[in-house]
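[1] Sequence and predicted structure, then a few things I'm wondering about:
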Amino acid sequence: MRAILSSPGNEVQGFLAAGHVCTVMGYREYPPIAKEYQVPIVVTGFEPTDLVEGLVMIVRQLESGTHEVQNAYPRAVTLEGNRAAQQTIEKVFTECDRKWRGIGAIPKSGWKLRPDFDEFNAELRFNVADLEARESPLCISGLVLQGRKKPNDCEAFGRQCTPEHPLGATMVSAEGACSAYYRYGRGDRESYGQKAR
């Protein structure tokens, strides 16, 4: 979140925080971000009513000029999260720098196995630590993630890039912005193929 919010030209006005992550990790790290960047953050689940409730809460905050952290998923998420799960994560993993699809490298944003668990480390076992996934140069998912572009601003959207053949992070998962635009008609799908001809 900090990497996106501090990037030049960022247009993100608020976040729907992922309920599955917050179920484990809680959301105690979000209030300082909301305060520093003056953006509302709402923890949501993945059912349609959860998402709609989260969107309504974000819109109300934007309209009132507030920037708080709210929990629209209290049946699964608490401020502190699941402490037993966190302790297991801390035992098995350590922070590391990680590349994020569409954004690039963010320091201390990922996890890797601690040396005590090297026997389970696929990077070491199969000698694949140097392999890197490359996104298509056609993909603008980083700009979409930063709110600087809309999915249908992308020349590949709906043609070379579809949910069945995604080119970038925002088309990969059902909750990604490009996937949602594609599936729920934020643009004329009939014209996608015609533009490519």
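    Noted; the coordinates are in hand. Residues are numbered from 1 along each chain as shown.

[2] Would you map the helices across the chain?
    2-5, 19-25, 30-37, 48-64, 83-92, 122-125, 141-145, 169-172, 177-183, 189-196 (DSSP state H).

[3] Can you check which of those helices gets nearest to Tyr73?
    Closest to Tyr73 of those, according to Cβ to Cβ: helix 19-25, at 4.3 Å. Every residue, glycine included, has its C-beta placed from N, CA and C.

[4] Show me what counts as buried in the longest strand anywhere in the chain.
    The single longest strand within the chain, with elements called by DSSP state E, is strand 104-113. For strand 104-113, the neighbour count (16 or more other Cβ atoms under 10 Å) marks 112-113 as buried.

[5] So what touches that strand?
    Residues outside strand 104-113 that contact it (Cβ atoms under 8 Å, 6 or more residues apart in numbering) are 3, 89, 92-100, 120-121, 142.

[6] Kindly present those as TSV, with separate columns for pLDDT and neighbour count.
    Formatted as TSV, the contacts of strand 104-113 follow (pLDDT from 0 to 100; neighbours: other Cβ atoms under 10 Å):
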residue	pLDDT	neighbour count
Ala3	87	16
Ile89	97	14
Val92	97	14
Phe93	97	14
Thr94	97	15
Glu95	96	11
Cys96	94	12
Asp97	93	11
Arg98	89	13
Lys99	86	13
Trp100	82	15
Phe120	95	10
Asn121	94	14
Gly142	87	20
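
[7] ok, back up a step: can you list the helices of the chain in a markdown table and add distance to Gly104?
    Below are the helices of the chain laid out as a markdown table (distance: least, Cβ to Cβ, whole Å):
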| stretch | distance to Gly104 |
| --- | --- |
| helix 2-5 | 9 |
| helix 19-25 | 21 |
| helix 30-37 | 19 |
| helix 48-64 | 26 |
| helix 83-92 | 24 |
| helix 122-125 | 20 |
| helix 141-145 | 7 |
| helix 169-172 | 12 |
| helix 177-183 | 18 |
| helix 189-196 | 28 |
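
[8] Select, out of those helices, the one closest to Ala133.
    Of all those, helix 169-172 comes closest under Cβ to Cβ, at 10.4 Å.

[9] Now do the closest one, average pLDDT.
    Per-residue pLDDT over helix 169-172 has a mean of 89.

[10] Sweet, I'm off.
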